[in-house]
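[1] Return a 3D structure for these sequence lines:
(one chain, ligands or ions: 3)
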Amino acid sequence: MTPQVLIRNVRIYGEGDPVDVLLGDEQILAIGTGLDAGADAEVVDGKGQILLPGFVDLHTHLREPGREDTETVDSGSAAAARGGYTAVFAMANTDPVADSVVVTDHVWRRGREVGLVDVHPVGAVTVGLEGRQLAEMGTMAAGVGRVKMFSDDGKCVHDPLLMRRALEYSASLGVLIAQHAEEPRLTVGAVAHEGPTAARLGLTGWPRAAEESVVARDALLARDAGARVHICHASTAGTVELVRWARSQGISISAEVTPHHLLLDDSRLESYDGINRVNPPLREKSDVEALRRGLADGTIDCVATDHAPHAEQDKCCEFSQARPGMLGLETALSIVIETMVRPGLLDWRGVAKVMSERPAEIVGLDDQGRPIEVGEPANLVLVDPDTEWTVRGRELASISHNTPYEDMTLPGKVTTTVLRGRITARDGEVFPLTGER
Ligand SMILES: NC(=O)N[C@@H](CC(=O)O)C(=O)O
Ligand SMILES: [Zn+2]
Ligand SMILES: [Zn+2]
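    Ligands and ions are numbered 1, 2, ... in the order given. A predicted model of the protein is given here:
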């Protein structure tokens, strides 16, 4: 049995008067004032803080197996717990690729052993992410890891016939296909957003149409297959418009935006620092604005980090040689506060929606993103909205340090994360089930 946790004087969703919340045995036991806990209960002072459902990340790269020098299930889980996450989806572009139940079950088991966050493996859509042959989605879905989401992320499933078949299978299996929308013929050698900045800097451009053409195509394929499609890391104003249109047609489409696409634009590239290289690339201010508005009005369903750890030698090199990707798990909430809450585009209910409820719904997790009520699973995060902190890559829990926010002072901090009634992170310290960190 999990020892009880009593959170005192906290405002649920940042609304109403402060209350006490008693957690025990995986569930919320009581909500009220002046609650009493057992003698061995852990008491957390929630004064001035906000209680939200634990965050769910549909897009995380944990690099295990294959690049354990850059991140592992262990280190990535620590980053997730510190960032307020209670569930993450670990992308399939590992080495070996997660295109078989052996790999997906391994990732799931490692996650359970570490116990800091529920690590849900994402299965590859095609064998080896090569885009030629469908992977055994059904076998992965039936494994102990119960794969619920499939993606070739890192690469686009660009063959329309294969994508169509994948969508058809996914509909019958009841799983989700997440597409990295990138028409590869339009992005040969591309390293930066195609626009005035890339032209001036002499960087090969990645046009918006490379993303948007695949979003449009996949919306139509999903319509015809009677399937759902999820768009990874939406980065352009046009993608927001296309998702809006598709939904108005009754098409089952969902989309995520990353924190970095909500905050940063391609003016960052002036320094030629590889830290700013990411797929899809940082776009223009007008795209950032459209993505924020799209997230605020629900056209974009959720925030997903695309946490992409890379080794120093793979980032600290010529811009065009740098690997694309940025850390995101520990900074996501602060970026959402900075870009959405502070400007008045989202309230705390809205944060709960885009960081927890919608992602859980999209992928069909029934124990996450739940209302904060008695009897519901105790997967929760406690947030101090009034504090500020300065990001230092070396102080993050990830093995890699490639944060684009180095030395930036950001608002808001996760103080405590609770998974099934057990504290997984508190004031930056993490509490794994295994002692081998
Ligand atoms: N986002 C990135 O720039 N990189 C991701 C792959 C991906 O999400 O496309 C990675 O695996 O490093
Ligand atoms: Zn991607
Ligand atoms: Zn990714």
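
[2] So which residues on the protein come close to ligand 2?
    By the rule Cβ under 5 Å from the ion, the part of the chain lying against ligand 2 is D153, H180. Quick note: C-beta positions are derived from backbone N, CA and C, even for glycine.

[3] At the contact with ligand 3, which residues of the chain appear?
    Near ligand 3, when you scan the chain using Cβ under 5 Å from the ion, you find D153, D306.

[4] Do a quick rundown of the helices in the chain.
    73-82, 101-114, 137-142, 160-173, 196-201, 208-225, 237-248, 259-263, 285-296, 312-315, 332-336, 348-352, 358-363 (DSSP state H).

[5] Not counting the first one itself, show me its contacts.
    In other words, helix 73-82. 57, 60, 62-64, 88, 90, 107, 110-111, 114-117, 119, 307, 309, 327, 329-330, 396-399, 414, 417, 419, 424-425, 428, 430, 432, 434, 436-437 (Cβ atoms under 8 Å, 6 or more residues apart in numbering).

[6] just the longest one next, same as before
    Applying Cβ under 8 Å, 6+ apart, the external contacts of helix 208-225 come out as 156, 158, 160, 163-164, 167-168, 171, 179, 181-183, 186-187, 190, 193-194, 227-229, 231, 234-239, 242-243, 245-246, 249-253, 280, 283, 287.

[7] how about a cut-off of 7 Å?
    Helix 208-225 is touched from outside by 156, 160, 163-164, 167-168, 171, 179, 181-183, 186-187, 228-229, 231, 235-236, 238-239, 242-243, 246, 249, 251-253, 280, with contacts defined as Cβ atoms under 7 Å, 6 or more residues apart in numbering.

[8] Of the contacts of helix 73-82, which belong to strands?
    Mapping those onto strands (DSSP state E) picks out D57, T60, V88, A90, V119, V414, T417, L419, T424, A425, V430.

[9] beta partners for the nearest residue to V5 once chain neighbours are set aside?
    The shortest distance from V5 to any non-neighbouring residue, by Cβ to Cβ, 6 or more residues apart in numbering, is to L23 (4.4 Å). Using DSSP bridges, the beta-bridge partners of L23 come out as V5, I28.

[10] so L23 touches L29, yeah?
    Yes - shown here, L23 and L29 form a contact pair, counting by Cβ atoms under 7 Å, at 6.4 Å.

[11] which one of those two has more residues nearby?
    Between L23 and L29, counted using other Cβ atoms under 10 Å, L23 has the larger neighbour count: 28 against 19.

[12] What distance do you get for G250 to R228?
    G250 is 12 Å from R228, where distance means Cβ to Cβ, to the nearest Å.

[13] These two - which one has more neighbours?
    Comparing G250 with R228 by other Cβ under 10 Å, the one with more neighbours is R228, at 19 against 8.

[14] that older thread, and the residue nearest to V5, how far from T2?
    8 Å.

[15] which parts of stretch 262-270 are buried?
    L262, L263, L264, D265, D266, R268, L269 (16 or more other Cβ atoms under 10 Å).

[16] Okay, now it: how far is its last residue from its first?
    Chord length of stretch 262-270, first to last residue, is 19 Å (Cα to Cα, to the nearest Å).

[17] how distant is that stretch from the center of its chain?
    Its chain's average C-alpha position is 20 Å from that of stretch 262-270, according to Cα atoms, centre = their mean, to the nearest Å.

[18] Could I get the average pLDDT for that stretch?
    In this model, stretch 262-270 has an average pLDDT of 98.

[19] Could you do stretch 209-220 as well?
    Mean predicted confidence for stretch 209-220 is 99.

[20] Report the distance from that stretch to the chain centre.
    Relative to its chain's centre, stretch 209-220 lies at 21 Å (Cα atoms, centre = their mean).

[21] ditto for stretch 172-192
    Here stretch 172-192 shows a centroid-to-chain-centroid distance of 17 Å under the convention Cα atoms, centre = their mean.

[22] quick one: it near ligand 1?
    Yes - Stretch 172-192 is in contact with ligand 1 by Cβ under 6 Å from any ligand atom, via H180.

[23] For that stretch, measure first residue to last.
    End-to-end span of stretch 172-192 (Cα to Cα): 38 Å.

[24] just stretch 125-141 next, same as before
    With Cα to Cα as the measure, stretch 125-141 spans 12 Å from end to end.

[25] Please see if that stretch touches ligand 1.
    No - Stretch 125-141 does not reach ligand 1 (Cβ under 6 Å from any ligand atom); its nearest approach is 10.4 Å.

[26] any idea how far that stretch is from the chain center?
    From the chain centre to the centre of stretch 125-141 is a distance of 22 Å (Cα atoms, centre = their mean).

[27] Same check on stretch 3-10?
    Stretch 3-10 sits 27 Å away from the centroid of its parent chain (Cα atoms, centre = their mean).

[28] do the same with stretch 207-216
    Computed by Cα atoms, centre = their mean, the chain-centroid distance of stretch 207-216 equals 21 Å.

[29] In it, which of the residues would be classed as buried?
    The neighbour-count check on stretch 207-216 (16+ other Cβ under 10 Å) flags P207, R208, A210, E211, E212, S213, V214, V215, A216 as buried.

[30] which residues does H307 bridge with?
    Per DSSP bridges, the residues bridged to H307 are T60, M326.

[31] For whatever residue of the chain ends up closest to ligand 2, the count of nearby residues, please.
    Minimum separation of the chain from ligand 2 (Cβ to the ion) falls at H180, amounting to 3.6 Å. For H180, the count of nearby residues is 24 (other Cβ under 10 Å).

[32] quick one: contacts for the closest residue to it other than its chain neighbours?
    Leaving aside its sequence neighbours, H180 sits nearest to D153 (Cβ to Cβ, 6+ apart; 4.5 Å). If you count contacts by Cβ under 7 Å, 6+ apart, D153 has them with M91, A92, N93, A178, H180, C232.

[33] Please identify which of those residues is nearest to R146.
    A92 (14.8 Å; Cβ to Cβ).

[34] For the closest one, give me the pLDDT.
    For A92, the model assigns a pLDDT of 98.

[35] and the gap between it and ligand 1?
    A92 sits 10 Å away from ligand 1, going by Cβ to the nearest ligand atom, to the nearest Å.

[36] switch to numbering from 144
    Got it, the first residue is 144 from now on, which makes the last one we talked about A235.

[37] Deepest in the core, which of the helices of the chain is it.
    Neighbour counts (mean count of other Cβ atoms under 10 Å) averaged over each of the helices of the chain peak at helix 216-225, with a mean of 29.

[38] What mean pLDDT does that helix get?
    Helix 216-225 shows a mean pLDDT of 98.

[39] Pull the distance from it to the chain's centre.
    Here helix 216-225 is found 13 Å from its chain centre; the criterion is Cα atoms, centre = their mean.
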